[in-house]
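In: mind looking at a prediction? Sequence and model below.
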Amino acid sequence: MNAPTTKPALSAPQRLRAVLAEPGLVVMPAVYDGLSAKLTANAGFKTAFLSGSCVAASRLGGPDLDLLSFAEMLNSWRWSAAPRPICWCWPMPTTAMATP
């Protein structure tokens, strides 16, 4: 009897590339914490991005005026990644943009 072969799991960048390579428009909602990331995934979106404007609004209660540090944005990204079931194997890749 042959053992069933399993396809190796794709990394998060590979999954994002696969989603972006699909024909048509890719809707990528903004997330800013664990709850918004979980709601986005449960709504059926394939990917999301961490929004600096949304993080500033949720943390500071105001507009994004470059008052958030890199560490605060990194913490927000970690919080948005935290609700993923089974660690980093969550099928929805999340992107973030950082400017120096």
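Out: It's in. Numbers count the residues shown, from 1 in each chain.

In: count of neighbours near Cys54?
Out: 18 (other Cβ atoms under 10 Å). For the C-beta atoms, the positions are set from N, CA and C on the backbone; glycine is no exception.

In: and it, what helix or strand is that in?
Out: helix 52-60 (DSSP states H and E).

In: after that helix comes which helix or strand?
Out: In the C-terminal direction from helix 52-60 (assignment by DSSP H and E), the next one is helix 70-81.

In: where in this protein is the helix or strand with the lowest mean pLDDT?
Out: Within the chain, no helix or strand scores below strand 94-96, which has a mean of 57 by mean pLDDT, DSSP states H and E.

In: so the closest residue in space to Ser80 that isn't next to it in sequence: helix, strand or coil?
Out: Leaving out its chain neighbours, the residue that sits closest to Ser80 by Cβ to Cβ, 6 or more residues apart in numbering is Ala37, at 4.1 Å. For Ala37, the assignment made with DSSP: H, G, I helix; E, B strand; the rest coil gives helix.

In: now do the one 3 residues further on
Out: With three-state DSSP as the basis, the three-state label of Thr40 is helix.
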